[in-house]
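Chemist: Sequence first, then the predicted structure, then my questions.
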There are 4 protein chains.
Amino acid sequence: MNFASDNWAGAHPSIAAALVEHAAGFASAYGTSELDRKVEQRFSEIFGREVAIYFVATGTAANSLAMTAVARPGGVAFVHREAHMMEDECGAPEYFTGGARLCPVDGALGRIDPDALDRAIRRYPAEFIHAGQPMAVSITQATEIGTVYRPADIAAIAAVCRTHGLPLHMDGARFANALVSLGCTPAEMTWKSGVDLVSFGGTKNGCWCAEALVVLNPEIGRDLPFLRKRAAQLFSKSRFVAAQFDAYFVNDLWLETARHANRMARSLADAIAASSKLRLAWQPEANEVFAIMPMETFAALQDAGAVFYEWHTPHGYAGVGKDETMARFVTSFATIDEDINHMTSLLAS
Amino acid sequence: MNFASDNWAGAHPSIAAALVEHAAGFASAYGTSELDRKVEQRFSEIFGREVAIYFVATGTAANSLAMTAVARPGGVAFVHREAHMMEDECGAPEYFTGGARLCPVDGALGRIDPDALDRAIRRYPAEFIHAGQPMAVSITQATEIGTVYRPADIAAIAAVCRTHGLPLHMDGARFANALVSLGCTPAEMTWKSGVDLVSFGGTKNGCWCAEALVVLNPEIGRDLPFLRKRAAQLFSKSRFVAAQFDAYFVNDLWLETARHANRMARSLADAIAASSKLRLAWQPEANEVFAIMPMETFAALQDAGAVFYEWHTPHGYAGVGKDETMARFVTSFATIDEDINHMTSLLAS
Amino acid sequence: MNFASDNWAGAHPSIAAALVEHAAGFASAYGTSELDRKVEQRFSEIFGREVAIYFVATGTAANSLAMTAVARPGGVAFVHREAHMMEDECGAPEYFTGGARLCPVDGALGRIDPDALDRAIRRYPAEFIHAGQPMAVSITQATEIGTVYRPADIAAIAAVCRTHGLPLHMDGARFANALVSLGCTPAEMTWKSGVDLVSFGGTKNGCWCAEALVVLNPEIGRDLPFLRKRAAQLFSKSRFVAAQFDAYFVNDLWLETARHANRMARSLADAIAASSKLRLAWQPEANEVFAIMPMETFAALQDAGAVFYEWHTPHGYAGVGKDETMARFVTSFATIDEDINHMTSLLAS
Amino acid sequence: MNFASDNWAGAHPSIAAALVEHAAGFASAYGTSELDRKVEQRFSEIFGREVAIYFVATGTAANSLAMTAVARPGGVAFVHREAHMMEDECGAPEYFTGGARLCPVDGALGRIDPDALDRAIRRYPAEFIHAGQPMAVSITQATEIGTVYRPADIAAIAAVCRTHGLPLHMDGARFANALVSLGCTPAEMTWKSGVDLVSFGGTKNGCWCAEALVVLNPEIGRDLPFLRKRAAQLFSKSRFVAAQFDAYFVNDLWLETARHANRMARSLADAIAASSKLRLAWQPEANEVFAIMPMETFAALQDAGAVFYEWHTPHGYAGVGKDETMARFVTSFATIDEDINHMTSLLAS
């Protein structure tokens, strides 16, 4: 009953098998092998347009490189107050960019509010050198609290970006979970809605280590080959990342694992909604479930063997009572029905 | 007949098997799993003292983090003129450190000359703020041209370091190849000779992606957990690196693969020495062989199917004649006798 | 009737005379002249303890170097939401530090609220590497909206700093204005209340260009000679800054000019309070007066020759009505009674 | 008899008078005053084309900002081995650029050799991401050892720059001394010879603190307003720098002071050449004289009251014998005939 995080899971058997398959033989290094090129081509097919792909070691690296690719002096990137870049990257985006600022923007349920975004950007008037200058907007899909931006939500944010001449980045550490939740295409969720760059994560969805920065806007990021190498993120045996993505895309494995994870989350949410011991903080839209419960329920579940984290209540969220706390349950490709059933019975008893 | 680089090889079957073995189940993320801890303990055993270990994505990352851990404002690190940090890391050490300088130092056969080092450091007098200040010395073991520092060589450099109060770093991308060449212990090759930090590479010697910064001097690098995370080098599924190192150390696999690679290099060098078509540039001491040959021999070997790179002649090296060039042949765990035999017959014919 | 800013004023005649006096002759460069040393000694006397002094070109430089002196990887500095570092330095503190973050803290009337500060710091738990780590707190004295921290206010903030092991920095661009407003000593306003570093500004109070970073805590900033030089902030003819400070301190000129500026502000505030055309936003405590007025009054005053800026309403300030705006009036050593009288008559008519 | 450095001198009386003249009254801050604009216009007239001007605090700042304006990831700037940026700026260019590298280039008498430059650049092949990428060439005019590049010399270097698509920067800390030495126009010495950016120094030639980055190529440096502000180099009372330059240019004061300094250097050199006690290291071409002398002569001159520095012998310079040393004598606007006569008699006696 492990719901700690989707990065506590291991690797999907097909991913593991792909690594073994490519263990033998020689291949040119630093991202120039045939397998690397084949996977790059697959990305273009998946996104429905020619894209540039940069494998990196971590999601933080993809986000930080994306910011570096669009950095300006005195630059300010606008992100949701609870975004991963803001809360969990130890200042990596600021460090990579040589000092860009992340400006927190509000918005309900983990999603940037377009009006709040517009107001935040307007505090940095163009050409007013004292304040610095806007350089990008970044959204997280799925969000840190398991909600999802619909294409229309993204388009509304992209419209604000266009008004101010800013590129739009998507932190897609849980790209697949959002995608299958929406039932749309990668194109619809990204460039057709105005997204310019995507941090495309495979690690949380069944890979060992497979993260890529995907550049959708050909005007952006011409320096990325140098930026990535300079950031010590260019793998010599790059093909081991390529091999993971290769298997990830075969027969839509990535969509299948994401659907599984979301389904598990839905089942767990249903069990929570049906229980008198705790309640949903909000409806899950991907593979994370947030629940509010008495402290004693929290302890009892953990004693019963459930592994999960207490969650820092979002800014301004008022639904947690005295003697209560909020918890996060994350599902993944590795979550099994037995664990959901076990949780269901624990919650029902 | 692939002698392009040891990073063109794939993964040793035992490494591949270890990854599969650890694919299932859940484990705590970000380097905190039991397997991570077990491997950390193994490193301490191997080095014969308690060490701190930081897995990173690339050798460049290990080197750059090491420099960051010892950085000072206006800092200058002294490296061999042909070092990997100087020639092949796209400014990553400078970038990670926020602008430290790499000062090239001369020395025959890829090894820093201690006297030249001392003279170079003295150009930055302590407390003379205009010049900046020395911050570290870094040596490459094995060197970029396949030679090896003996423990006494290292101790001589460490003595210069102590005179100036500087830490000594070892870029050990080919640590194992140097170690088995010398027949000494990791302790003798590092801290007993005065080394404070090691970039310990497994990737070139049979892993897919297994690099670690090893801190031998407990006075150094207390900030490294933050420095690594800030550099986007902390893997969430860190155990996949740990699993590689775990298998790497079982039954001294790492020493066996390194011995094999060195032996293959020795055989190839013997074939070159016996040939009238080309000659050794210098004696190989690890797993790289450098040879000087007429352009037409170069072309003929490539036409015959040998894969290898032309090599930029080292500064000041005078042994390459007109219509000649220098080539590098790298062997690895994946090099097979058949290829050496094939090369031998090509060279003899 | 120029109330645009205290940096629109020129130089006090005594400062100008001092520069002429020191124009002739030779003096050793880069801050090592006798005059430099004499002024350093004066600072120690003024602060009532031995201090280290670093002249720099701008207040932004002093603030940014202070942050650099206390920077940590993934570091976060806590500043008031409306602080100069946050609003008007184009990301210089972030840039100088290689990516430290400024975390906005709330508090009424431009002053950090100690409880809000404590809560903000606690969002970065010690040793939780994902969030980064607290590195400093900075207060602005006088604040950006012309209010002043009392020594007890500073001590309350310093107590929070001590709890979390953080140094306390004071941005004293208007140090003198705050000091004479409080009627206390520099020691009481700084180290006796727990301040470790001060950006000590002379420019706004009658100098041409005289800013110094004053280090009160001898444990901090040993690297500052290198940090300043590396930041291109070490003047070769440093004595020209020293000469300004030398004259600044003669016969307490600096306190006299500050008292004059504050008195002019008080008179202007009284005229505003007595007027039916506009009202004070809050009581001025130093040399800045903020007033709320109808748009048409704003335009009328400007048409009548008054020079002043509209002011971005502070976050959460609710006192500005529809068709109204907020304006800032800054006085300085150069403000004359005639201008105040003229304004008074304009407001009364 | 002070020959320590031209930055040991104070300020020319006309410069001092200009500062007093502009002490009174109000002027808009941050480089937007009428005087600022007037001086910008003067620069354009002097250079014979429209230029952009950025006042900064130090020559190091001008150089470092110039490098930042042309920085590329993994960037390498090519400078003479003895350049100020290389020897005396504490890593500021590297720091400002976030880690660009300075690559030392050889050349006789302080001047970059165009062929050596071309070879150095070719070690960084375009698109070879491992090495990094060339970003700029910088020459020092007059050089650190008092020699001067003729326009044809500059054009030869500019031709190499064009071949590799690199901008050419001139560190003109002693711009005026070089200019009057050559007897050409600023246009001929800069953009007509292929220079794109100039660090234009006034401080060493009679100002207190007057340095400007001059951008001649309109394609370069559009971000400089933000880059300068972010580097804490934007003076609030910018007009105090403008006032210095304003006086500097009146009646060609700057050329007059430079001619005086050069003439004093020539006289001193003649005295040295005529003396049996010491000899010229090379012919001075601006306002610095280098001489080789026995240690005892060095001591005797200092004992007689001459102030000057021993000079670190340039790399590869072979003219200093055993028991000898090299010394540098710098003249300036403030050097007087009496001192030269005194030196002449000391050397002749």
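Modeler: That came through fine.

Chemist: what about residue A:103, how many residues close to it?
Modeler: 20 (other C-beta atoms under 10 Å in any protein chain shown). To be clear about C-beta, it is placed using only N, CA and C from the backbone, and glycine gets the same treatment.

Chemist: In which helix or strand does it reside?
Modeler: Residue A:103 is part of strand A:101-105, with elements assigned from DSSP states H and E.

Chemist: That strand pairs with which strands?
Modeler: strand A:75-80 (parallel) (DSSP bridges).

Chemist: State the mean pLDDT of the strand it pairs with.
Modeler: Mean pLDDT, strand A:75-80: 98.

Chemist: Could you look up the next helix or strand downstream of that strand?
Modeler: helix A:84-87.

Chemist: Residues contacting that next one, please?
Modeler: A:59-60, A:63, A:67, A:77, A:79-80, A:92-93, A:102, A:104, A:138, A:140, A:144, A:171, A:173, A:312, C:130-131 (C-beta atoms under 8 Å, 6 or more residues apart in numbering or on different chains).

Chemist: Can you flag the buried ones in those residues?
Modeler: A:59-60, A:63, A:67, A:77, A:79-80, A:92-93, A:102, A:104, A:138, A:140, A:144, A:171, A:173, C:130-131 (16 or more other C-beta atoms under 10 Å in any protein chain shown).

Chemist: where along the stretch 101-250 of chain A do the strands fall?
Modeler: A:101-105, A:133-140, A:168-172, A:197-201, A:211-215 (DSSP state E, counting those that start in this stretch).

Chemist: can I get these in JSON lines with mean pLDDT and distance to residue C:270?
Modeler: Listed next are the strands of the stretch 101-250 of chain A as JSON lines, based on pLDDT from 0 to 100; distance: least, C-beta to C-beta, whole Å:
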{"stretch": "strand A:101-105", "mean pLDDT": "97", "distance to residue C:270": "39"}
{"stretch": "strand A:133-140", "mean pLDDT": "98", "distance to residue C:270": "40"}
{"stretch": "strand A:168-172", "mean pLDDT": "98", "distance to residue C:270": "51"}
{"stretch": "strand A:197-201", "mean pLDDT": "98", "distance to residue C:270": "56"}
{"stretch": "strand A:211-215", "mean pLDDT": "98", "distance to residue C:270": "60"}
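
Chemist: What count of nearby residues applies to residue A:49?
Modeler: Neighbours of residue A:49 (other C-beta under 10 Å): 15.

Chemist: so it sits in a helix?
Modeler: No: Residue A:49: not assigned to a helix; according to DSSP: H, G, I helix; E, B strand; the rest coil it is coil.

Chemist: how about the nearest residue to the residue of the stretch 151-300 of chain A found nearest chain D, chain neighbours excluded?
Modeler: Closest contact between the stretch 151-300 of chain A and chain D, by C-beta to the nearest C-beta, is at residue A:226 (4.1 Å). Spatially, and ignoring its direct neighbours in sequence, residue A:226 is nearest to residue D:73 (4.1 Å; C-beta to C-beta, 6 or more residues apart in numbering or on different chains).

Chemist: Now do the contacts for that neighbour.
Modeler: Residue D:73 touches A:223, A:226, A:227, A:230, B:90, B:91, B:95, D:133, counting by C-beta under 8 Å, 6+ apart.

Chemist: As TSV, these with neighbour count and distance to residue D:12 would be great.
Modeler: What follows is these, written out as TSV (neighbours: other C-beta atoms under 10 Å in any protein chain shown; distance: C-beta to C-beta, whole Å):
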residue	neighbour count	distance to residue D:12
A:223	15	46
A:226	21	46
A:227	26	47
A:230	32	46
B:90	29	47
B:91	27	42
B:95	32	43
D:133	23	43
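
Chemist: So which of those residues is the closest to chain C?
Modeler: Nearest to chain C among the contacts of residue D:73, with distances taken as C-beta to the nearest C-beta, is residue B:95, at 10.1 Å.

Chemist: Does whichever strand or helix holds the closest one reach chain A?
Modeler: Following DSSP H and E, the helix or strand that holds residue B:95 is helix B:92-96. Yes: legend: contact between helix B:92-96 and chain A by C-beta under 8 Å from any C-beta of the partner chain is shown at B:92, B:95, B:96.

Chemist: I'd like to know which elements that helix is packed against.
Modeler: helix A:224-230, helix B:59-69, strand B:101-105 (3 or more C-beta pairs under 8 Å, 6 or more residues apart in numbering or on different chains; DSSP states H and E).

Chemist: looking at the ones you listed, which is closest to residue C:301?
Modeler: Checking the helices and strands packed on helix B:92-96 against residue C:301 by C-beta to C-beta gives helix A:224-230 as the closest, at 50.8 Å.

Chemist: Show me chain A divided up by domain.
Modeler: Listed by automatic domain parsing, the domain ranges of chain A are A:13-252, A:255-348.

Chemist: Pick the most buried one from those.
Modeler: domain A:13-252 (a mean of 22; mean count of other C-beta atoms under 10 Å in any protein chain shown).

Chemist: Surely residue A:26 is in contact with residue B:10?
Modeler: Yes: Residue A:26 lies in contact with residue B:10 (C-beta atoms under 8 Å); the separation is 7.3 Å.

Chemist: who touches both of these two?
Modeler: residue B:334.

Chemist: near chain C, which residues of the stretch 201-349 of chain A show up?
Modeler: Near chain C, when you scan the stretch 201-349 of chain A using C-beta under 8 Å from any C-beta, you find residue A:312.

Chemist: any chance you could map the helices in the stretch 201-349 of chain A?
Modeler: Taking DSSP state H, counting those that start in this stretch as the test, the helices found in the stretch 201-349 of chain A are A:224-230, A:239-249, A:253-274, A:295-303, A:337-348.

Chemist: Report the angle between the third one and helix A:337-348.
Modeler: Between helix A:253-274 and helix A:337-348, the angle comes out at 20 degrees (axes from the mean of the first three to the mean of the last three C-alpha atoms, to 10 degrees).

Chemist: which helices and strands does helix A:253-274 pack with?
Modeler: Applying 3+ C-beta pairs under 8 Å, 6+ apart, we find helix A:253-274 packed against helix A:175-182, strand A:279-280, strand A:288-294, strand A:324-330, helix A:337-348.

Chemist: How about the longest one and chain B, touching?
Modeler: Read it as helix A:337-348. No: on the criterion C-beta under 8 Å from any C-beta, helix A:337-348 is out of touch with chain B, staying 10.4 Å away.

Chemist: Same check on stretch A:123-139?
Modeler: No: no part of stretch A:123-139 sits near chain B under the criterion C-beta under 8 Å from any C-beta; the closest distance found is 15.1 Å.

Chemist: Quick one: distance of that stretch to the chain centre.
Modeler: 25 Å (C-alpha atoms, centre = their mean, to the nearest Å).

Chemist: likewise stretch A:293-307?
Modeler: On C-alpha atoms, centre = their mean, the centre of stretch A:293-307 falls 27 Å from that of its chain.

Chemist: what does stretch A:186-195 give?
Modeler: With C-alpha atoms, centre = their mean, you get 15 Å for stretch A:186-195.
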